[in-house]
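Participant: Dropping the sequence and predicted coords here.
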Amino acid sequence: MIALLLASLLTTTPEDLPMSSKLTLFEPQLRSYFRGEVQESWVFVGLGAAAVVGGAIMFTRNNDFLRGAAFPLIGVALIQLVVGVAVLWRSNQQVSDLLGLANSDPSAFMTQESKRMAVVNRNFTIYKSAEIVLMILGAGVAAAGYVKKTDLAFGIGLGLVAQSAVMFTFDLIAERRAEVYVAHITGLGR
């Protein structure tokens, strides 16, 4: 009898658990996903603020290269600030709403959150493609500026490459975090 009990405990898989137990196991995954989003957003806000200040200082210098680099530095920094602040502003309420839905209607939670995350993941493809295009464009502008000895164009190009590479890197990290989260959502339905 004890052997049968031990055998059943050892062979229980997550799929065999009742939904309430699955949700208990899932909650830390949801919180981890959003904690990562918030942490990355603080980095975005910090980098964005530093880039705006740095770009403003660079723009005031009597140096065409620095002035050129300031344009994409400030432009992308404003995107970083807006995205970072938006995620910070909505994340706590979003976690609360999602946990409430998961506990009250697990099926609706899985459907809604799976759809939302499908859009999030599709958007990463768009963002990364745009960032790659901007890196290539920036490299082209930098190369043309270098060859033609146009410091302004050289600065714009290098600034665009640098900022696009930063955004690309953060999107790769966020995309991986989203993939792990989606795998956990999918596991709830098994």
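Facilitator: Now that the structure is in, tell me what you want to look at.
Participant: for the host helix or strand of residue 48, packing partners?
Facilitator: Residue 48 is located in helix 19-60, with elements delineated by DSSP states H and E. Helices and strands touching helix 19-60, by 3 or more C-beta pairs under 8 Å, 6 or more residues apart in numbering; DSSP states H and E, are helix 64-104, helix 106-147, helix 151-188. C-beta here means a position set from N, CA and C on the backbone, and glycine is covered the same way.
Participant: how far does it sit from the chain's center?
Facilitator: Its chain's C-alpha centre and that of helix 19-60 lie 7 Å apart, by C-alpha atoms, centre = their mean, to the nearest Å.
Participant: quick one: residue 32 from residue 133, how far?
Facilitator: In this structure, residue 32 and residue 133 are 32 Å apart, going by C-beta to C-beta, to the nearest Å.
Participant: Comparing these two, which shows the higher neighbour count?
Facilitator: Of the pair residue 32 and residue 133, residue 32 is the one with more neighbours under other C-beta atoms under 10 Å, namely 14 against 11.
Participant: Report the contact partners of that one.
Facilitator: Residue 32 makes contact with residue 181 under the criterion C-beta atoms under 8 Å, 6 or more residues apart in numbering.
Participant: picking up where we left off before, show me the one of the helices and strands packed on helix 19-60 that comes nearest residue 49.
Facilitator: helix 64-104 (6.7 Å; C-beta to C-beta).
Participant: Now that closest one: average pLDDT?
Facilitator: Across helix 64-104, pLDDT averages out at 95.
Participant: Pick out the least confidently modelled helix or strand of the protein, by mean pLDDT.
Facilitator: For the chain, using mean pLDDT, DSSP states H and E, the weakest element among its helices and strands is helix 2-10, scoring a mean of 48.
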